[in-house]
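In: no letters, just coordinates:
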């Protein structure tokens, strides 16, 4: 994450055609182990590694973390996305039947 964030920062600083660079991290919502903070020293900042990472940046809004399900959900309503049913069938985590209970 740090390397990607540094690349975005340098791209923004050195490329006059880029006004803003952000890092978008996508991961399945069910992969809770990926989000777990495992460093005892970092636990004081929170229990979600991606929230903690973003909060440590000068501009926390430059790092966006969301689930794959949330990122692709709007496609279901796009008439132009006639390929979305294929995507939903291919990746079961996009199906409403596999949503994680709150």
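Out: Great, that's in hand. Please read these numbers as outputs of a predicted model, since none were measured by experiment.

In: neighbours around the closest residue to residue 54 other than its chain neighbours, how many?
Out: Spatial nearest neighbour of residue 54, chain neighbours left out: residue 63 (4.1 Å); criterion: CB to CB, 6 or more residues apart in numbering. (Each C-beta comes from the backbone N, C-alpha and C, glycine too.) Number of residues near residue 63 (other CB atoms under 10 Å) recorded here: 21.

In: what residues are bridge-paired with residue 63?
Out: Going by DSSP bridges, residue 63 is paired in beta bridges with residue 23.

In: separation between it and residue 8?
Out: Between residue 63 and residue 8 the distance is 9 Å, computed by CB to CB, to the nearest Å.

In: what do you get for residue 16?
Out: Applying CB to CB to residue 16 and residue 8 gives a distance of 16 Å.

In: can you classify the residue of the chain most remote from its centre by secondary structure?
Out: Note on the chain: the largest C-alpha distance from the chain mean falls to residue 16, namely 26.0 Å (CA atoms, centre = their mean). Following DSSP: H, G, I helix; E, B strand; the rest coil, we place residue 16 in the coil state.

In: make 641 the first number, not 1, from now on.
Out: I'll keep to 641 as the first residue from here, and by that count the last item is residue 656.

In: report the buried residues of the worst-scoring helix or strand of the chain on mean pLDDT.
Out: When each helix and strand of the chain is scored by mean pLDDT, DSSP states H and E, helix 724-730 comes last, with a mean of 87. Going by neighbour count (16 or more other CB atoms under 10 Å), the buried part of helix 724-730 is 724, 728.

In: ok, the residue nearest to residue 694 touching residue 649?
Out: No. In this structure, residue 703 is not within contact of residue 649 by CB atoms under 8 Å, at 10.6 Å.

In: nearest spatial neighbour of residue 708, chain-adjacent residues omitted?
Out: Among residues not flanking residue 708 along the chain, residue 666 sits closest, at 5.0 Å (CB to CB, 6+ apart).

In: no, scratch that, I was asking about residue 721
Out: residue 715 (4.5 Å).

In: now the one you found: how far from residue 708?
Out: To residue 708, residue 715 is 11 Å away according to CB to CB.

In: try residue 667
Out: As judged by CB to CB, residue 667 and residue 708 stand 7 Å apart.
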